[in-house]
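**Q** got a predicted model here, sequence first, then my questions.
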Amino acid sequence: MNKDIFGEAIKDFYNQEHSEDIIVQAPDFDDDSIPVPYLFRTYPEMPAIEQKALDLSFGKVLDIGCGAGSHALYLQNEKKLDITAIDISEGAIEVCKKRGIDHAIVQDIFDFKNNTFDTLLLVMNGSGIIGTLSNIDRFFTHIKTLLNPGGQVLLDSSDISYLFTDDDGGFWVDASVGYYGEMRYQLKYKKQESDWFDWLYIDYNTLQNAANANGFLCELLFEGENNDYLAKLIVN
């Protein structure tokens, strides 16, 4: 069974064979969906938080979790920046190359090495790749090795505490099971399904505290309408 759900959906859309959305399943929550055309949006179609991240990107850029390559294409073709796009999805990288991204690589960020950048770009809930809060020190230690002097990390995420708040403002979450922003997902597309995987949503205060503990300065750049935000991190 093909586990590369994003890759299969992205290839189908690129080849004009798209017919349905990606279904996202999580324990204790209703199913959600990702419209595949959304992965191919242009800069004017992107939410303000992504536009802000692209506007602030400079120098040599690593687009982490690039998907169909929409952000990388804009930075390469419109801003004329030196872009490397990486994703664990072979299908996504195949399409990125066909769309004209010069440097697109199948790569897990935690295995990426021997190269440094001015901007590390992690958008569309970019904190998700951290997986669980217990991985955050490992994440900061690793990305520090990928930054040029004066470089920046642009990362967005969301505070999903609202999912656990009742009408009276009470916060209902079992602290014994871990941080409330740790989610587990499974993706389905057509008759294919992925393995279950961890995905981290992190509130800004928790991110800032972890960043400071790992030698980074963290700045809140933008707050969206849906508890989402964009942060910039630089080595202190």
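**A** Arrived safely.
**Q** need the per-residue pLDDT for the most centrally placed residue in the chain.
**A** Central residue of the chain (CA atoms, centre = their mean): Gly126, 2.6 Å from the mean position. Each residue has a pLDDT score; the one for Gly126 is 96.
**Q** ranges for the helices of the protein?
**A** In the chain, the helices defined using DSSP state H lie at 5-14, 48-56, 70-77, 90-98, 136-144, 204-213.
**Q** any chance of TSV for those, columns distance to Ala231?
**A** Just so you know, the C-beta spots here come from the backbone N, C-alpha and C atoms, and that holds for glycine as well. As requested, the helices of the chain are exported to TSV (distance: least, CB to CB, whole Å):
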stretch	distance to Ala231
helix 5-14	24
helix 48-56	10
helix 70-77	17
helix 90-98	25
helix 136-144	13
helix 204-213	6
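**Q** looking at these, which is closest to Asp159?
**A** Closest to Asp159 of these is helix 204-213 (CB to CB; 6.8 Å).
**Q** now do the buried residues in the closest one.
**A** In terms of neighbour count (16 or more other CB atoms under 10 Å), helix 204-213 has its buried residues at Tyr204, Thr206, Leu207, Gln208, Ala210, Ala211.
**Q** the first one and Ala68, how far apart?
**A** Shown here: Tyr204 relative to Ala68, a distance of 28 Å by CB to CB, to the nearest Å.
**Q** about what we covered before: would you mind telling me which of the helices of the chain is nearest Val36?
**A** helix 5-14 (4.7 Å).
**Q** mind giving me the packing neighbours of that closest one?
**A** Where contact means 3 or more CB pairs under 8 Å, 6 or more residues apart in numbering; DSSP states H and E, helix 5-14 is packed against strand 22-26, helix 90-98, strand 182-189, strand 192-193.
**Q** neighbouring strands - and their directions - for the first one?
**A** According to DSSP bridges, the neighbouring strands of strand 22-26, each with its direction, are strand 29-34 (antiparallel), strand 182-189 (antiparallel).
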